[in-house]
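> no sequence for this one, just the structure:
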């Protein structure tokens, strides 16, 4: 089965050679072919180039993309899509002046989600999560990482990870699972952190490993949640089971957490609303991807990741949604890209690089996804007719996507 796209107005993120990521000044360059063709066979990109070099293909399905843009699907490397119910009341509470910390301290936030999840069946959680996943696919996302972390009990965490496994089996779609038992301390352990960490390390992790339920391990490394030392213990324990760290850090405070993550080989450090000069120095020459979550900053009115400062220092940046019921109830990567441009002053080129090739790196799939490269998966966005790809972040409230192709097939 071959599909040939012809007369493409702009073909974005074209990479002749395989690259893992782009950093610093390189992020401002987005390779483009204007008036292009793209050839897909089964689920693989096999050729592309200017229309004047377009080959004649026998028995191909031909799609005329006149006036339209094609780019790789978004890669969302940080989500909490699997959850039960919602936290709408907390949204109203914040409008009425309560802070994130005040809501958490009175039993809201993560603990609220944990209570709902532990009282909901696995089948119901799967059905709720399936709807969310289908929606983000329609919005152009072609790969997601999904975290646990709303169980905070052995059975609750296993239930979440089993739902993620079911989603992975149900969708021909890259899904990575992250174990986030260290999302918050349950009420019964708030004065006995060591006992909960022991539960994570000695009871949760072995069961998760036995069922092969996770790819990565995470912790909420933050003042009032998990300390640097506690997070290091969790990272070290996870690595013994082959789980690479991907860590929440520097959302509200900087407590040298990034240094500990880099030293422990974290694939990514996520949030980074607060970043010090020391943090930037630590990230230089490391293999750790900084991941910004701008729609979280938008929704709960906290600072945005200082992307310009970080890129000027030569660092890469990835963008993700943080889709969750409390602080970012949206998995729309189009809005994330637009918000990065509008609020973080990233150029469209930088934001698209951050949401595709660098997002793929932060998910560990840059060898198969994140760019238009021969041999990579045919996961692409076909826009409606637009004047330029700049229109994507400019018209931040409009749906400019015509079709989404996943593994060489258009999703319905």
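Received the coordinates, thanks. Keep in mind the model is a prediction, meaning the values are calculated, not measured. Numbering: from 1, shown residues only.
> Could you find the closest non-adjacent residue to residue 173?
Closest residue to residue 173 apart from its sequence neighbours, by Cβ to Cβ, 6 or more residues apart in numbering: residue 406 at 6.0 Å. The C-beta positions use only the backbone N, C-alpha and C, and glycine is treated the same way.
> Touching, that neighbour and residue 143? I think so.
No. In this structure, residue 406 is not within contact of residue 143 by Cβ atoms under 8 Å, at 9.2 Å.
> So, low pLDDT: which residues of this protein?
By pLDDT under 70, the chain contains no weakly predicted segment.
> Dihedrals phi and psi, the spatially most central residue of the chain?
Centroid-nearest residue in the chain: residue 77, 2.2 Å away (criterion: Cα atoms, centre = their mean). Note on residue 77: backbone dihedrals following degrees, to the nearest 10 are phi -90, psi 10.
> Can you tell me the element residue 94 falls in?
Take DSSP states H and E as the rule and residue 94 turns out to sit in helix 88-95.
> returning to that earlier point: could you measure the residue nearest to residue 173 against residue 73, distance?
Residue 406 sits 7 Å away from residue 73, going by Cβ to Cβ, to the nearest Å.
> And the two? Which one has more around it.
residue 73 (29 against 21; other Cβ atoms under 10 Å).
> buried sites along stretch 95-104?
For stretch 95-104, a neighbour-count test (16 or more other Cβ atoms under 10 Å) marks 98, 100, 103, 104 as buried.
> Sorry, slip of the keys, the one I care about is stretch 114-122.
Here stretch 114-122 shows 114, 115, 116, 117, 118, 120 as buried, counting by 16+ other Cβ under 10 Å.
> quick one, what contacts the last one?
Meaning residue 120. Neighbouring residues of residue 120 by Cβ atoms under 8 Å, 6 or more residues apart in numbering: 84, 85.
> Now do the SS call for it.
coil (DSSP: H, G, I helix; E, B strand; the rest coil).
> quick one on the thing from earlier: quick one: which of the buried residues of stretch 95-104 sit in helices?
The members of the buried residues of stretch 95-104 that map onto helices under DSSP state H are 100, 103, 104.
> Among those residues, which one sits closest to residue 389?
Minimum distance to residue 389 across those is 34.8 Å, recorded for residue 100 (Cβ to Cβ).
> ok, for that closest one, nearest residue in space, not its chain neighbours?
residue 300 (5.9 Å).
> Next, find the distance separating that neighbour from residue 92.
13 Å.
> and if you look at residue 189?
For residue 189, the distance to residue 92 equals 29 Å [Cβ to Cβ].
> These two - which one has more neighbours?
With neighbours defined as other Cβ under 10 Å, residue 189 and residue 92 compare such that residue 189 has more, 16 against 10.
> what's the more buried one in contact with, if anything?
Contacts of residue 189 by Cβ under 8 Å, 6+ apart are 195, 196, 199.
> Is it possible to get JSON lines of those residues that adds distance to residue 177?
Listed next are those as JSON lines, based on distance: Cβ to Cβ, whole Å:
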{"residue": "195", "distance to residue 177": "25"}
{"residue": "196", "distance to residue 177": "21"}
{"residue": "199", "distance to residue 177": "19"}
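> Could you tell me which of those residues belong to helices?
Using DSSP H, the contacts of residue 189 in helices are 195, 196, 199.
> Drop anything exposed from these.
Neighbour counting with 16+ other Cβ under 10 Å marks 196, 199 as buried within these.
> Tell me the one of the ones in helices among the contacts of residue 189 nearest residue 172?
Proximity of the ones in helices among the contacts of residue 189 to residue 172 (Cβ to Cβ) peaks at residue 199, which lies at 35.5 Å.
> leaving aside the residues next to it on the chain, what's closest to the closest one?
Nearest residue to residue 199, sequence neighbours excluded (Cβ to Cβ, 6+ apart): residue 154, at 7.2 Å.
> Count the neighbours of the residue nearest to residue 100 for me.
Residues near residue 300, counting by other Cβ under 10 Å, number 18.
> What of residue 192?
Residue 192: 11 surrounding residues under other Cβ under 10 Å.
> Tell me how far the residue nearest to residue 199 lies from residue 294.
In terms of Cβ to Cβ, residue 154 sits 34 Å off from residue 294.
> Between those two, tell me which one has more neighbours.
Remark: of residue 154 and residue 294, residue 294 carries more neighbours, 28 against 15, as counted by other Cβ under 10 Å.
> thought that one was touching residue 319?
Yes. Using Cβ under 8 Å, residue 294 is in contact with residue 319, at 6.9 Å.
> joint contacts of these two?
Among the neighbours of residue 294, those also in contact with residue 319 (Cβ under 8 Å, 6+ apart) are 336, 340.
> what is residue 268 paired to in the beta sheet?
residue 246, residue 289 (DSSP bridges).
> For it, give me its contacts.
Residue 268 neighbours (Cβ under 8 Å, 6+ apart): 77, 78, 246, 247, 288, 289, 290, 291, 318, 362.
> residues in contact with the fourth one?
To tie it back to what came earlier, the one meant is residue 247. Per Cβ under 8 Å, 6+ apart, neighbours of residue 247: 218, 219, 221, 231, 235, 257, 261, 266, 268, 269, 270.
> What is the nearest of the residues you listed to residue 136?
Looking across the contacts of residue 247 and measuring by Cβ to Cβ, the closest to residue 136 is residue 270, at 17.5 Å.
> any idea which helix or strand carries that closest one?
Here residue 270, judged by DSSP H and E, is contained in strand 268-271.
> likewise residue 164?
Per DSSP H and E: residue 164 is located in helix 154-170.
> helix or strand right after that helix?
Next in sequence after helix 154-170, counting helices and strands by DSSP H and E, comes strand 175-182.
> and that following strand, how far out from the chain's middle?
For strand 175-182, the separation from the chain centroid amounts to 12 Å (computed by Cα atoms, centre = their mean, to the nearest Å).
> Need the contact partners of that strand.
With contact meaning Cβ under 8 Å, 6+ apart, strand 175-182 is reached by 80, 143-149, 151-152, 157, 161, 164-165, 167-168, 197, 199-200, 204-205, 208, 213-220, 226, 230-231, 234, 238, 243, 246, 363-365.
> in the stretch 1-150 of the chain, which spans are strands?
For the stretch 1-150 of the chain, applying DSSP state E, counting those that start in this stretch gives strands covering 2-12, 32-41, 44-50, 60-64, 69-72, 74-76, 141-147.
> So which of these is the most surrounded?
strand 74-76 (a mean of 31; mean count of other Cβ atoms under 10 Å).
> Given it, what are its sheet partners and their directions?
Assessed with DSSP bridges, strand 74-76 is paired to strand 141-147 (parallel).
> Sweet, I'm off.
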